[in-house]
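In: Fold the following.
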Amino acid sequence: MEAILLIILAVLATAGRVIGLILLSIITGWFLAYASIKSKFFENTYIILIEIFESVPVITFFPVVLIIFVERIGGSLGVELAADFLVFTAVVWNIWMGEYQAFKTVPNEMVEVVENSDFGLFSKLRYLYIPFSVPRITANLFPSISDGFFYITVSEVFEVGIHTYQTFGIGSVLDVFVADGQLFNIEMALLILGIVIVAIIVILREFSKYAVGRYTLDTDAPVLKRGRLNIRETARVFAVLSKNPLSRLARYYKYREGDKHQETYEKKEKKRKIYKYVYAAIGITMLAGILYEVVSLIISVKASEWYFLFSKTPFLLTGLGYDYLRVGTILLVSMVIAIFLGYHFAVSKRGEKYGIPIVQTLSAYPAPIYFPFLFIITEPFMLGIFGGFTNELYVLSLGFVSTFYYVFYAFWMGVKAMPSEYWEIIKNLKLGYFKKMRKVIIPSTFPYLISGISSTINSAWGGLMIGEYWPDIYGTHSLSVHAGLMKTIDLATASGDLALAAWGSLIFGIIVAVYSVLFTRKMMDLAQKKYVAEEGVYAA
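Out: A predicted model of the protein is given here:
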């Protein structure tokens, strides 16, 4: 009975930690997203850093945790802050990316309203940007919850060298149960964890319904066929318009005051320039700090060490190529599941009612706890069928369960947030499944998909880093792949070759930075120019 009570308290502590840090992520993300849409320089720097840090697996933050929190702060407070920081790095990036994507794709008509109406920063956020970002935030809450619970075993209890640090939560409690072989308590912990996760999902699902109904730019009115007048539907239009804050803002665009005096516009232009200088100063300060650290590190490394690292670069790039093939495979499978299953859940109340909690529960269970059991049970069967390719399948499976839900939830929420006018067009034109997907559904959900795809690619690395080199996964059995950058970094860290691990991480960071500019930024710009579904309401 004492063990059950301990498990319940630990699960609640973990849930509170994850939810609290998600709320912190949302609040800080609003201000960072607003700064990014106001300054191109800050935007480029911000997006590159998000892409890099989202791609960096949680466990690679251990040196930062050790230096800043454990050594400088110390004690139980330092360990708690370290655990909070690790959980924060697991849940924050996709929320920040989703908020940026939402702010970036606000319809131009609405931006014009707030820019011409003497709205200050907080008024703009309150009446336009925050309401418009709520559906995107809701879509990212589901994967953030999953990630927060997925990485609890390396966040609430972590090892740096020969030292082990832990704080109270289900991650540290499960670690003790596994070490002592308490199978019954492990099963009870996973059961209670599942119950709490399902309860959270039920609450989030209800909130998602509220968010879609309240904060999407949608008149909730059917597109009537020509020659038909329906007074009842017309009344429903005005009823919805009176409740939706974004719709009220759109209507205000028509009835706002006439032209402002030239003097007012000059003052606003002056304010905008001041803001640009402030944002530029923040970005330059961040860049200067990063450059200072880079230069200091370069100077401290001997010439012979640099020669060794450069000689290893082709090998590291080859491993990175293998890893990108794995990430591409994971993304392809995730997108197929998202587009077909996510669409079914979005349009089927019964499917959503039972399917979303199941997906969320499975994705939120910490893989390092249950995966060794699956490995030892299925390995003989898998070896008999796939032979030497077996370990690759296990690693791909780990990468998949650590990231598939990003694009899944993004697409699911994107479908739910589509303006009702588009659904009426689909119905009236009697479009077939694949035609409506190609012509309406996918273009309308494109901004959501880009955010989900970006987070899926960036987060797959965490699962790969766990799986590519996992010694003694169960008894004397180990899991390892033939080649991969994540495996190389794992081996270098385990053997104490921190220079090689750091060099591999640096190359990885550079590639991710290039990817963020060439893919994520370009796709976001494309989404803003061509695929903001809400602007179709104005066009109609």
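
In: For Asn116, what are phi and psi?
Out: Note on Asn116: backbone dihedrals following degrees, to the nearest 10 are phi -100, psi 10.

In: let me redo that: Leu431
Out: Backbone phi and psi, for Leu431 under degrees, to the nearest 10, turn out to be phi -70, psi 140.

In: gap between the longest strand anywhere in the chain and the chain center?
Out: Ranked by number of residues, the top strand in the chain under DSSP state E is strand 469-474. From the chain centre to the centre of strand 469-474 is a distance of 28 Å (CA atoms, centre = their mean, to the nearest Å).

In: so which helix or strand takes in the closest residue to Gly148 other than its chain neighbours?
Out: The shortest distance from Gly148 to any residue that is not its chain neighbour, by CB to CB, 6 or more residues apart in numbering, is 3.6 Å, and that residue is Val18. Every C-beta, even on glycine, is put in place using the N, C-alpha and C of the backbone. Counting by DSSP states H and E, the element that carries Val18 is helix 2-38.

In: centre of the chain versus that helix, how much separation?
Out: Distance of helix 2-38 from its chain centroid, counting by CA atoms, centre = their mean, is 14 Å.

In: List the buried residues in that helix.
Out: Using 16 or more other CB atoms under 10 Å as the test for burial, helix 2-38 gives 6-8, 10-11, 13-15, 17-19, 21-22, 25-26, 29-30, 32-38.

In: May I have the secondary structure class of Met418?
Out: Secondary structure state of Met418, per DSSP: H, G, I helix; E, B strand; the rest coil, is coil.

In: any idea how far it is from Ile441?
Out: For Met418, the distance to Ile441 (CB to CB, to the nearest Å) stands at 8 Å.

In: Counting neighbours, go ahead and name the busier of the two.
Out: Ile441 (25 against 22; other CB atoms under 10 Å).

In: does that one really touch Gly342, like I thought?
Out: No: contact between Ile441 and Gly342 fails when scored by CB atoms under 8 Å: they sit 10.3 Å apart.

In: So for Tyr474, what's the pLDDT?
Out: Tyr474 carries a pLDDT score of 73 in this model.

In: Oh, that last question was meant for His482, not what I typed.
Out: Residue-level confidence at His482 comes out at 88, pLDDT.

In: what kind of secondary structure is it in?
Out: Note that with three-state DSSP, the state of His482 is coil.

In: How many residues are close by it?
Out: Burial of His482, expressed as a neighbour count using other CB under 10 Å, amounts to 11.

In: what's the burial count for His291?
Out: No His there; residue 291 is Leu. Burial of Leu291, expressed as a neighbour count using other CB under 10 Å, amounts to 10.

In: Hmm, I typed the wrong one, I wanted His477.
Out: Neighbours of His477 (other CB under 10 Å): 13.

In: For it, list the residues it contacts.
Out: With CB atoms under 8 Å, 6 or more residues apart in numbering as the criterion, the residues that contact His477 are 375-376, 379.

In: intersection of neighbour lists for Ile441 and Gly342?
Out: If you check Ile441 and Gly342 against CB under 8 Å, 6+ apart, the residues they both contact are Val415.

In: which stretches of the stretch 1-150 of the chain have low pLDDT?
Out: Counting by pLDDT under 70, the stretch 1-150 of the chain contains low-confidence residues at 55-68, 70-71.
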